[in-house]
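Peer 1: need a 3D model of the following:
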Amino acid sequence: MILHIDMDAFFAAIEQRDNPALRNKPIIIAGDSKRSVVSTASYEARKFGIHSAMPVFQAKQRCAKVILVPGNRYKYAAESKKIMAIISDFSPLVEQVSIDEAYVDIQGCEKLFGSPEVIAQKIKAAIFKELFLTCSIGIAPVKFLAKIASDMDKPNGITFISKHEMARVIKDLPIAKVPGVGKQAMKLMAILQIHTLGDLHKYDICLLNKKFGKMGKRLHELSHGKDLSRIETNYSRKSISSETTLSKDISDLKIARQLLLAHSQRVGRDLRKEKMICHNVSIKIKFSDFTQITRSKQTDSWICSSSAIFNEALSLYEKVVLKKKIRLLGVGVSHFMDKNAPIQMELLCPPKEKINKKWESVDMAVDSIMEKFGSGMITKASLNKRKKHV
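Peer 2: Presented below is the predicted three-dimensional model:
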């Protein structure tokens, strides 16, 4: 059996736990801008129809008393590590899939901890006892149904789908709830009159492959209760990014440089905290008409200094022909390697790489100061006036 553990309104729940004044109040975690979007909404806020990805101004229209909390991603990441450590006490096969959710394979654990339902109860109790946070757990013979089950009784619930119940659940499961089925696929589902996962039985695998490409085979398997994906215990982040929705559209290069620098610093700090180096830098731009582009490049060498990331991001930005103003700007890095892993070095180290190494040492010193005294203790002088733009 597979458990899918999903924390309840994770960011909001942490803020309500740490600040008694926020308890039982409608709160949202979001940036302090009219154009920001909701990251997480408390269950008190969800009663008003507020949900994640909703623009903040819409959330305020739906609930005038909603409380906006800027959030603290470093605190949330620290709590996430504690949660994963608790879960790991019940099984060695844990796959963390995001900051607030994980799959657990409990095969063979029944003799130690009891039935699947009992194990789920014990995990919930351990998390609440140590962290005063609740979660919802889905139990099923396969991963995709466990994930769906965890959403059936939120918050603080347990839903168990046995092997004998799988056919009934699949027959009636709305196709929109199947992981991986997005907006474009839903349009085609409507044309084919596929409303539930069970409706896929009307079509053979050849037609599904023709209509949905690679996803066709997986949809066919899921509709028959087959999920060949296994628990992947070697969880690692594939990318790190930071972005800002601006309070006013911009076209000024100076402001864009400040934003790129601020995001590069944040991304670089996260990268160094993970003790990783990267080989790819990207930027994301959303224009005033909501069209969006991304640009990326492979770096000449492995980097982790914020200055090196910024230089690569700025180089990408300067190549973009701007015909419209910008409403969102972001920086990301990917293609990671352990910082301590051996790397084939050039006989003569290029001057650019030497400069990156020097800045890396500076960045690590700054990271230590921030870790000890707080992220607002030290910042680049060029970023002092940035806040008015975000």
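
Peer 1: quick check: the closest residue to Val178 other than its chain neighbours vs Leu145, distance?
Peer 2: Counting by C-beta to C-beta, 6 or more residues apart in numbering, Val178 lies nearest to Leu197, which is 5.7 Å off, once chain neighbours are set aside. Where you see a C-beta, it was placed from the backbone N, CA and C, and this is true even at glycine. Using C-beta to C-beta, to the nearest Å, one obtains 10 Å as the distance from Leu197 to Leu145.

Peer 1: next: Ile277.
Peer 2: Counting by C-beta to C-beta, the gap from Ile277 to Leu145 is 38 Å.

Peer 1: hmm, back to that, ok, the residue nearest to Val178 touching Met166?
Peer 2: No. Using C-beta atoms under 8 Å, Leu197 makes no contact with Met166, being 10.7 Å away.

Peer 1: of these two, who's got more company?
Peer 2: With neighbours defined as other C-beta atoms under 10 Å, Leu197 and Met166 compare such that Leu197 has more, 25 against 16.

Peer 1: please give me every residue in contact with the more buried one.
Peer 2: 170-171, 173-175, 178, 222-223 (C-beta atoms under 8 Å, 6 or more residues apart in numbering).

Peer 1: tell me where the model's unsure across the stretch 101-250 of the chain.
Peer 2: 235-236 (pLDDT under 70).

Peer 1: now the helices: where do they sit in it?
Peer 2: 110-113, 116-131, 143-150, 166-172, 183-191, 205-212, 214-223 (DSSP state H, counting those that start in this stretch).

Peer 1: mind listing what's buried along the second one?
Peer 2: Residues of helix 116-131 classed as buried under the neighbour-count rule (16 or more other C-beta atoms under 10 Å) are 116, 119-120, 123-124, 127, 131.

Peer 1: my guess is Leu261 contacts Asn311. True?
Peer 2: No. Leu261 is beyond contact range of Asn311, at 10.0 Å (criterion: C-beta under 8 Å).

Peer 1: ok, the helix or strand containing Lys286: who's next to it in the sheet?
Peer 2: Assigned by DSSP states H and E, Lys286 falls within strand 276-287. Its sheet considered, strand 276-287 pairs with strand 292-303 (antiparallel), strand 326-338 (antiparallel) by DSSP bridges.

Peer 1: in CSV: those, plus distance to Cys109, mean pLDDT and mean neighbour count.
Peer 2: Below are the strands paired with strand 276-287 laid out as CSV (distance: least, C-beta to C-beta, whole Å; pLDDT from 0 to 100; neighbours: other C-beta atoms under 10 Å):
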stretch, distance to Cys109, mean pLDDT, mean neighbour count
strand 292-303, 40, 92, 15
strand 326-338, 31, 92, 20
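
Peer 1: closest to Leu228 out of those?
Peer 2: Closest approach to Leu228 among the strands paired with strand 276-287 (C-beta to C-beta): strand 326-338, 26.5 Å.

Peer 1: ok, now how distant is the closest residue to Cys135 other than its chain neighbours from Asn72?
Peer 2: Nearest-residue entry for Cys135: Met7, 4.8 Å, with adjacent residues in sequence omitted and distances by C-beta to C-beta, 6+ apart. For Met7, the distance to Asn72 (C-beta to C-beta) stands at 16 Å.

Peer 1: more neighbours, the two?
Peer 2: Met7 (25 against 15).

Peer 1: contact partners of the strand holding Lys286?
Peer 2: Under C-beta under 8 Å, 6+ apart, the answer for strand 276-287 is 237, 240-241, 243, 245, 260, 271, 292-299, 302-304, 309, 312-313, 316-317, 320, 324-339.

Peer 1: any idea of the mean pLDDT in that strand?
Peer 2: Mean pLDDT, strand 276-287: 94.

Peer 1: please renumber the chain so that the first residue is 123 from this point on.
Peer 2: Shifting the count to begin at 123 puts that one at strand 398-409.

Peer 1: please enumerate the strands of the chain.
Peer 2: Remark: strands assigned in the chain by DSSP state E are 124-129, 149-151, 162-163, 189-191, 216-220, 223-227, 257-262, 280-282, 361-372, 398-409, 414-425, 448-460.

Peer 1: partner strands of the second one, with direction?
Peer 2: Right, strand 149-151. In its sheet, and by DSSP bridges, strand 149-151 pairs with strand 162-163 (antiparallel), strand 189-191 (parallel).

Peer 1: tell me which of those is the most buried.
Peer 2: strand 162-163 (a mean of 25; mean count of other C-beta atoms under 10 Å).

Peer 1: how far off centre is that one?
Peer 2: 13 Å (C-alpha atoms, centre = their mean, to the nearest Å).

Peer 1: next, the buried residues of the strand holding Lys408.
Peer 2: 398-409.

Peer 1: turn those residues into JSON lines, including distance to Glu166.
Peer 2: Output for the buried residues of strand 398-409, formatted as JSON lines (distance: C-beta to C-beta, whole Å):
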{"residue": "Met398", "distance to Glu166": "38"}
{"residue": "Ile399", "distance to Glu166": "43"}
{"residue": "Cys400", "distance to Glu166": "40"}
{"residue": "His401", "distance to Glu166": "44"}
{"residue": "Asn402", "distance to Glu166": "41"}
{"residue": "Val403", "distance to Glu166": "40"}
{"residue": "Ser404", "distance to Glu166": "37"}
{"residue": "Ile405", "distance to Glu166": "37"}
{"residue": "Lys406", "distance to Glu166": "32"}
{"residue": "Ile407", "distance to Glu166": "35"}
{"residue": "Lys408", "distance to Glu166": "30"}
{"residue": "Phe409", "distance to Glu166": "35"}
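
Peer 1: just the closest of those residues to Gly153, please.
Peer 2: Distance ranking of those against Gly153, using C-beta to C-beta, places Lys408 first at 14.4 Å.
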